[in-house]
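*Asks:* heads up, no residue letters with this:
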């Protein structure tokens, strides 16, 4: 009996495989050591292999595709309803095998090594930004304990940290000033690393024709363009621009029933990092539009004037996602809307 579909439950050392025939009969459900996994799949005829989109899934997806298998990655949340009972590797592999056969299942595109390499810069930079924010809060908190207040903004903390390291110390006990000096040193180091990561991302963005195309759009810089290209790969995997916006969690949550349409807040599903970059970029554009309304198109000026500011920036991010999809799928340059 020939195996047609396999559910592969990924792990660090011991993997679980569940294989069935074309009519759904179970052929095997067993554990395999990491060192023997590729040899196991080499001995099998080409078949469909389902996996959850998790750590190392893209690596194994590429490896199994090289062996001729049809590999499909699925979000873990979409696999969970097919788990019958309990939480075991065997049950998970069976659920994956069942889920991958569903005709309406949504799959995740397998990333290339280059995509993952660029995304590693983004993840490292994002981590450093969060650490810098934490360190800035630590510096502000210590200064407040001794009656010193810094102005709002990360630039104010940067300027203070440089002054402190140059010897301009506030009126505080020597021990507190010593601790503050160590914190300022770490803060400046994080600033320098973030600048270095940003330059690396900018260099990679200018090497991509699609990223250069996106950067011509207002509110989209090299970091956002690079993150979008490295994350989605082929934009044609999304049927429409709305599907891409929904994947980013920028579409309203639909709670319609009984023929009555009820739309709530945005879903906030999907890729949080790109959604954040788009909203931040559109926020910057909205601030500019408030100062100079004549420099933006009519739709943007109208929504900023008539809607609450955060609602307007989210709507602008939603529209930007749809424009990005159109630019990537049709290979067209950005065209400024009519004023």
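*Replies:* Alright, I've got the coordinates. Quick caveat: nothing in here was measured; it's all calculated off a predicted structure.
*Asks:* do you know how far residue 86 is from residue 95?
*Replies:* Going from residue 86 to residue 95 by CB to CB, to the nearest Å gives 11 Å. Where C-beta positions appear, they are placed from N, C-alpha and C, glycine not excepted.
*Asks:* between these two, which one's more packed in?
*Replies:* Higher neighbour count among residue 86 and residue 95: residue 95, with 21 against 8, using other CB atoms under 10 Å.
*Asks:* nearest residue to that one other than its sequence neighbours?
*Replies:* residue 82 (3.9 Å; CB to CB, 6 or more residues apart in numbering).
*Asks:* same deal with residue 150?
*Replies:* Nearest to residue 150 is residue 156, by CB to CB, 6+ apart, at 5.0 Å.
*Asks:* pLDDT averaged over the helix or strand in which the one you found is found - what is it?
*Replies:* Secondary structure assigned from DSSP states H and E places residue 156 in helix 154-165. The average pLDDT within helix 154-165 is 95.
*Asks:* repeat for stretch 59-73
*Replies:* 96.
*Asks:* what comes up buried for it?
*Replies:* Buried residues in stretch 59-73, counted by 16 or more other CB atoms under 10 Å: 60, 61, 64, 69, 71, 72, 73.
*Asks:* now do stretch 286-297
*Replies:* By 16+ other CB under 10 Å, the buried positions in stretch 286-297 come out as 286, 289, 296.
*Asks:* in helices, which of those residues appear?
*Replies:* Taking DSSP state H as the definition of helices, the buried residues of stretch 286-297 contribute 286, 289.
*Asks:* relative to residue 189, how far out is the residue nearest to residue 150?
*Replies:* According to CB to CB, residue 156 stands 18 Å off from residue 189.
*Asks:* again with residue 103
*Replies:* 53 Å.
*Asks:* check residue 61 too.
*Replies:* For residue 61, the distance to residue 189 - CB to CB - is 37 Å.
*Asks:* what of residue 139?
*Replies:* Residue 139 sits 13 Å away from residue 189, going by CB to CB.
*Asks:* go on, residue 144?
*Replies:* 23 Å.
*Asks:* so for these two, which sits in the more crowded spot?
*Replies:* Using other CB under 10 Å, the more surrounded residue of residue 144 and residue 189 is residue 189, with 14 against 11.
*Asks:* which helices and strands does the strand or helix carrying residue 120 pack with?
*Replies:* Using DSSP H and E, residue 120 sits within helix 113-145. Helix 113-145 sits against helix 154-165, helix 174-207, helix 222-232, with contacts defined as 3 or more CB pairs under 8 Å, 6 or more residues apart in numbering; DSSP states H and E.
*Asks:* rerun at 6 Å
*Replies:* Packing partners of helix 113-145 (3 or more CB pairs under 6 Å, 6 or more residues apart in numbering; DSSP states H and E): helix 174-207, helix 222-232.
*Asks:* flag every buried residue along the longest one.
*Replies:* Applying a neighbour-count criterion of 16+ other CB under 10 Å, one finds 180, 183-184, 186-188, 190-191, 193-194, 197-198, 200-202, 204-205 buried in helix 174-207.
*Asks:* tell me what angle it forms with helix 113-145.
*Replies:* Calculated by axes from the mean of the first three to the mean of the last three CA atoms, to 10 degrees, helix 174-207 forms an angle of 150 degrees with helix 113-145.
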